[in-house]
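J.: Sequence and computational prediction follow.
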Amino acid sequence: MIPRHRPWEEAADFQIGLKPIPLEAWLEGGEADPAARKDALWAADRGLVWAETAASRPGQEEVAELIAQALGPAPAPSDLPPLYAAARRVPDDLCLVEKDADGQWRLTALSLSAGSFFIAREVIGRSLAELHSPVNGFSDRFLTRVQRIFEGLRPDLVLERRNWTLLNSDALHTPTSAPIRARIGEIDPAEAGRCLNLRVERQTLRRLPRTGGALFTIRVWLAPLGSLVEQPERLSAFAQAWRSATPELRAYKRFDLYDDLVESFLSDPKPA
Ligand code: HEM
């Protein structure tokens, strides 16, 4: 199936791209049993997918309340940390961001079961600047604006943004890049439409009105590159996006690793 969101059709460069959406559109749902997927990761290696600071429990409780407002009360009380209990109810990853005494917005708890090359235990406590240090030019171009957005969030305002990349993996949980990139050389160019996946993150941001923090959600959608063959205008929009991406975006997303495979697919597009 063609990807539900196609952010490459909207911009060739990094962008903030946050837009208000109706409260009812906050969570997209669409996964039958997110708890089963998340619990397996939680049991296997918790620090990859979960981290919290000691002081984050009140904010976590409020996250659970927001999720309960959207989905109805939680089915049963649980001993799990409240943010993780809430995350088990939704496909999205949930990140609690709170302002510290020095005025820095920091990640204080996160359930990250579909992380795109980042790991919960490594990012806990990081500020917005630290989180984005791998993104070329972030501090010069975006940091002040993003901090202002966190300051100015009003209750009941829901903001949404999307980003995307291309990966030779159909896994939602991709904590690190090395094992995935090590397999690129094994891909038969004729199979590129099946082996390469468009990976879209649909992110939302909301204020926690009582405790003052912010909730950042990340929902990952995957679709094989070959799915675009269903709609020629979507395929040509992708080709245009791939070829016109800025050098900074290409470098950050390592498009160079996939150029030959993508061009081979575009020269003879086969369905996935
Ligand atoms: C709503 C405000 C935010 C904006 C506008 C924003 C913007 C961006 C941008 C432009 C990128 C580069 C990739 C892309 O999206 O095209 C990025 C990457 C990233 N963002 Fe954000 N971000 C925001 C909030 C957050 C929060 C709250 C977290 C905490 C989990 C976060 C974690 C990351 C990470 C881990 C990366 C990837 C860095 C890497 O490759 O290691 N962002 N963000």
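T.: Perfect, I can see it now.
J.: Now do the same for whichever residue of the stretch 101-250 of the chain sits closest to the ligand: helix, strand or coil?
T.: The nearest approach of the stretch 101-250 of the chain to the ligand comes at Asn163, 3.2 Å away (C-beta to the nearest ligand atom). All C-beta spots, glycine's among them, are computed from the backbone N, C-alpha and C. For Asn163, the secondary structure call by DSSP: H, G, I helix; E, B strand; the rest coil comes out as strand.
J.: Report the separation between it and Val220.
T.: As judged by C-beta to C-beta, to the nearest Å, Asn163 and Val220 stand 10 Å apart.
J.: Give me the common contacts of these two.
T.: Common neighbours of Asn163 and Val220 (criterion: C-beta atoms under 8 Å, 6 or more residues apart in numbering): 200-201.
J.: Surely Ala35 touches Ala86?
T.: No: at 10.9 Å, Ala35 and Ala86 do not qualify as touching, with contact defined as C-beta atoms under 8 Å.
J.: re the thing from before, so the residue of the stretch 101-250 of the chain closest to the ligand bridges to which residues?
T.: Residues in a beta bridge with Asn163, per DSSP bridges, are Glu201.
J.: Could I get the full set of helices for the stretch 51-200 of the chain?
T.: Listed in chain order, the helices of the stretch 51-200 of the chain (DSSP state H, counting those that start in this stretch) span 57-71, 82-87, 120-123, 128-131, 138-141, 143-152, 178-181, 192-195.
J.: Just name the most buried of those helices.
T.: Most buried of the helices of the stretch 51-200 of the chain, by mean neighbour count (mean count of other C-beta atoms under 10 Å): helix 82-87, with a mean of 25.
J.: Wondering if that one reaches the ligand at all.
T.: No: residues of helix 82-87 are not located near the ligand by C-beta under 6 Å from any ligand atom, the shortest gap being 12.7 Å.
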